[in-house]
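J.: Can you look at this prediction? I've put the sequence above it.
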Amino acid sequence: MAALLAACGPVKVVNGDLVAKDNEVIQDLIIDGNRDQVEERQGLPPWNLPFSGFTKHNGIVINGRHHVTIRNVTFRNIAGFAILVARSQHITIDHVHVQNSGSRDAQGKNNTTGGILIEEGTSDFQITNSEFDNVRGNGVWTHSLYTSPRNSLGLIAGNRFDTIGRDAIQVGHATGVQVLENRGSRIGYPVEIVGAEPVAIDTAGNVDRSIYARNRFREINGKCIDLDGFHDGEVRANQCANMTGYGIVMNNTNPDMQTSNIRVEGNTIDGAGFGGIFVIGGPNIVAGNRLLNLARRHEGDPLLKSGIYLGDRAERPAPARGNVIERNTITGASICIGGSTGSNTVRTNTCQ
């Protein structure tokens, strides 16, 4: 790894990664990872191993540290993760720029690398005012093994994403994370490296007490917002335009959660390939959303051509019951509100 250092003090290098220490400020730095020469075609780590210790050729690694700040750092051509944070507390990442980073698997698809990863119970972290351009994997994401503590008390705000191969943002196995006022375009591009369906804002594991608000994305080769494992939180005032998949989808893969107490309010979905909002479980509130120009792919399944669909299950059974569906505006869908509406309150929606 070639690195230009300025005004950041001594930095330890281990196996090509810059390794941060406690109470360290790393700033005004350019890191070039020489990706074309060091890239290793590999998939994801085994289910019982974290990415730390598995993924090589990272930019900066913060493992088991406290009070680390990374500011005004540019990462170019990183084969692994630009920044990998594991088992740490009080981490500040601000005004960083990640360019042309991430590796592929044996089939030439992205393997999630390239951006910033927060994992294994990291708490009190923030990633703000940063830019991500041409990242093969996820832009920013949190991840922990099922057997590990959840990440907590995070802020992902004011970042910009352009040409991201997987998810722009993914909140995985976390509690108390705010995703605010991010923006991006071309999520799920270039198409030749896409494996799993890309999402502008994705969710995985068990995620609660979190807020996704005032984010704006367009040109998405997949879904706008996936709420797999999301509960007891808010999704409000987000905007997505021109996506090939669904608008907002609830799901319940994680066995430790129930899809309940979610407020989906004031969002705008404009130009989805399928439906606007898929709802399971309850009680949830879906109110005041603008779901426009839906179902452009005109699939025959009612689930795919409904503005709002109240389902009986997702990954696990979870009939939509006790939900309030009100004041939504829906255009383009051949079915306004479909599915099991009987045990839910559906009122004052406008359908064209």
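T.: Looks like it came in fine.
J.: just for the protein, where's the confidence low?
T.: 1-16 (pLDDT under 70).
J.: List the contacts of the spatially most central residue of it.
T.: Centrality entry for the chain: nearest residue to the mean C-alpha point is Q170, 2.0 Å, by Cα atoms, centre = their mean. Contact analysis of Q170 by Cβ atoms under 8 Å, 6 or more residues apart in numbering lists 138, 140-143, 199, 201-204. Every residue, glycine included, has its C-beta placed from N, CA and C.
J.: and with 10 Å instead?
T.: Applying Cβ atoms under 10 Å, 6 or more residues apart in numbering to Q170 gives the contacts 112, 115, 117, 137-143, 156, 179, 199-205, 207, 226, 228.
J.: T112 now?
T.: With Cβ under 10 Å, 6+ apart, T112 has these contacts: 43-45, 51, 55, 81, 102-103, 105, 136-138, 141, 143, 165-167, 170, 195-196.
J.: If we use 8 Å, what do you get?
T.: 44, 102, 137-138, 141, 166.
J.: so which helix or strand takes in it?
T.: Under DSSP states H and E, no helix or strand contains T112.
J.: do you know how far it is from A314?
T.: 23 Å (Cβ to Cβ, to the nearest Å).
J.: again, but for T329
T.: For T329, the distance to A314 equals 25 Å [Cβ to Cβ].
J.: So between these two, which is more surrounded?
T.: More crowded of T329 and A314, by other Cβ atoms under 10 Å: A314, with 19 against 16.
J.: give me every residue that touches the more buried one.
T.: 228, 250-253, 259, 278, 280.
J.: ok, the nearest residue to it once chain neighbours are set aside - how many residues close by?
T.: Once flanking residues are discounted, A314 sits nearest to N251: 4.3 Å by Cβ to Cβ, 6 or more residues apart in numbering. Residues within reach of N251, counting by other Cβ under 10 Å, total 22.
J.: Mind listing the residues bridging to N251?
T.: Beta-bridge pairing of N251 under DSSP bridges involves D228.
J.: roughly how far apart are I262 and D32?
T.: Counting by Cβ to Cβ, the gap from I262 to D32 is 43 Å.
J.: now N159
T.: From N159 to D32 the distance is 22 Å (Cβ to Cβ).
J.: again with Q178
T.: Distance of Q178 to D32, computed by Cβ to Cβ: 32 Å.
J.: what's the answer for G137, then?
T.: According to Cβ to Cβ, G137 stands 18 Å off from D32.
J.: same deal with N129?
T.: Separation of N129 from D32 (Cβ to Cβ): 22 Å.
J.: Settle it for me: which of the two has more neighbours?
T.: Using other Cβ under 10 Å as the criterion, N129 and D32 rank with D32 on top: 17 against 14.
J.: How about the more buried one: which residues does it bridge to?
T.: Going by DSSP bridges, D32 is paired in beta bridges with A2, R76.
J.: With I325 instead?
T.: Using DSSP bridges, the bridge partners assigned to I325 are V286, V346.
J.: Hmm, it is touching I308, no?
T.: Yes - contact criterion Cβ atoms under 8 Å: I325 and I308 qualify, at 5.9 Å.
J.: the helices in the stretch 1-150 of the chain, which residues?
T.: Here the stretch 1-150 of the chain has its helices, by DSSP state H, counting those that start in this stretch, at 35-38.
J.: can you list the domain ranges for this structure.
T.: The domain map for the chain lists 1-221, 246-352, with the assignment taken from automatic domain parsing.
J.: could the ones you listed go into JSON lines alongside distance to N238?
T.: Converted to JSON lines, these look like this (distance: least, Cβ to Cβ, whole Å):
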{"stretch": "domain 1-221", "distance to N238": "5"}
{"stretch": "domain 246-352", "distance to N238": "5"}
